[in-house]
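return atomic coordinates for the entry below.
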Amino acid sequence: MNNQHKIISPRIIVQILFPVVLMPFLPMLISWHWYWWEAWVYAIICILGYAISRMLAARRHPDLIAERVRMMHHENDKPWDRFLIPLIGLGFGSLLLVAGLDALFGWSPPFIVPVKILSLVIILAGNVFGSYALLENRFFSFIVRIQTERGHQVVSSGPYRWIRHPGYAGALLVYLATPVFLDSRLAFIPAVFLFAVFVIRTALEDRFLQDELAGYGEYARRVRYRLLPGVW
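Just a heads-up that it's a prediction; the model follows:
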């Protein structure tokens, strides 16, 4: 219990609450359009998706939550990952900020309803797929590192049977569908930026794991694709 209190400090709580609870409401906070039902649905999906997936992960892999809560407080993480993680946060924040500004000033015409429904399905699918990866992989850390103290080994079950980085794939589905659901064509700019950052992080992480995680090279030969099935 004492160790848990040391890990979950007030600073950590703030670091979690800001992106999880406040940022999903950023489009409405910027535009002040509180009747914007798509933004409400999006915020609820983000918050519930995070809460439910972490609750299930805590029951299945209690030590994983402690690992993720520590975030950047590890000594054996990679310098390039410390650079990329803030870029992901910046990209996600910019995505929601631009969507809010777009709604405020009316820069983009709305998408047709069938397309928006499809984007909502993609957002839900991305959340489910990413959560599936989290629940299946007890080494699903917030940062890229070899978790020697936790007996780090290759995970090849669940969505890892199809691609090597399903968590990233799920996140990208959400990011790329968000501009459509929130009626913001300009939000595709930060969405594409996020796509580029995730491709770079996937390539660097995959190379790192092949070099330093026992058995990952063999796994990579069996599961060919890193992020996009049939493509890459």
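
contacts and neighbour counts: CA atoms only from here.
Noted.

so how far is whatever helix or strand residue 89 lives in off the chain centroid?
Counting by DSSP states H and E, the element that carries residue 89 is helix 79-105. Distance, stretch centre to chain centre, for helix 79-105: 12 Å (CA atoms, centre = their mean, to the nearest Å).

tell me the buried residues in it?
81, 84-85, 87-88, 91-103 (16 or more other CA atoms under 10 Å).

average pLDDT for it?
Mean per-residue pLDDT for helix 79-105: 94.

helices or strands up against it?
Applying 3 or more CA pairs under 8 Å, 6 or more residues apart in numbering; DSSP states H and E, we find helix 79-105 packed against helix 26-31, helix 166-181, helix 188-212.

how about those in JSON lines, adding mean neighbour count, mean pLDDT and distance to residue 109?
Listed next are the helices and strands packed on helix 79-105 as JSON lines, based on neighbours: other CA atoms under 10 Å; pLDDT from 0 to 100; distance: least, CA to CA, whole Å:
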{"stretch": "helix 26-31", "mean neighbour count": "21", "mean pLDDT": "95", "distance to residue 109": "15"}
{"stretch": "helix 166-181", "mean neighbour count": "23", "mean pLDDT": "97", "distance to residue 109": "11"}
{"stretch": "helix 188-212", "mean neighbour count": "17", "mean pLDDT": "96", "distance to residue 109": "14"}
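
format those as TSV; extra columns: distance to residue 108.
Output for the helices and strands packed on helix 79-105, formatted as TSV (distance: least, CA to CA, whole Å):
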stretch	distance to residue 108
helix 26-31	14
helix 166-181	10
helix 188-212	11
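
which among those helices is found nearest to residue 157?
Residue 157 sits nearest to helix 166-181 of all the helices and strands packed on helix 79-105, at 11.2 Å, using CA to CA.

residues contacting residue 58?
64, 65 (CA atoms under 8 Å, 6 or more residues apart in numbering).

touching, residue 67 and residue 141? I think so.
Yes. The pair residue 67 / residue 141 is scored as a contact, 6.3 Å apart, by CA atoms under 8 Å.

after the helix holding residue 89 comes which helix or strand?
Immediately after helix 79-105, counting by DSSP H and E, sits helix 113-136.

what's that following helix in contact with?
45, 49, 53, 56-57, 60-61, 140, 155, 157-160, 166-175, 177-178, 180-181.

name the residue closest to the centre of this protein, please.
residue 171 (4.3 Å; CA atoms, centre = their mean).

from residue 30, how far out is residue 126?
25 Å (CA to CA, to the nearest Å).

what's the angle from the helix holding residue 89 to helix 188-212?
Between the axes of helix 79-105 and helix 188-212, defined by axes from the mean of the first three to the mean of the last three CA atoms, to 10 degrees, the angle is 160 degrees.

what is the orientation angle of helix 79-105 with helix 166-181?
Counting by the same axes, to 10 degrees, helix 79-105 lies at 20 degrees to helix 166-181.

so which of the helices and strands packed on helix 79-105 is nearest residue 146?
Nearest of these (CA to CA): helix 188-212, 7.6 Å.

for that closest one, packing partners?
helix 79-105, helix 166-181, helix 216-222.

and residue 226, what does it touch?
163, 164, 165, 202, 206, 232.

apply 6 Å and report the result again.
The contact partners of residue 226, taken as CA atoms under 6 Å, 6 or more residues apart in numbering, are 163, 164, 165, 232.

from those residues, which would you call buried?
Here, 16+ other CA under 10 Å leaves 163, 164, 165 buried among those.

what's the neighbour count on the closest residue to residue 173 other than its chain neighbours?
Spatial nearest neighbour of residue 173, chain neighbours left out: residue 126 (5.0 Å); criterion: CA to CA, 6 or more residues apart in numbering. Residue 126 has 24 neighbouring residues, counting by other CA atoms under 10 Å.
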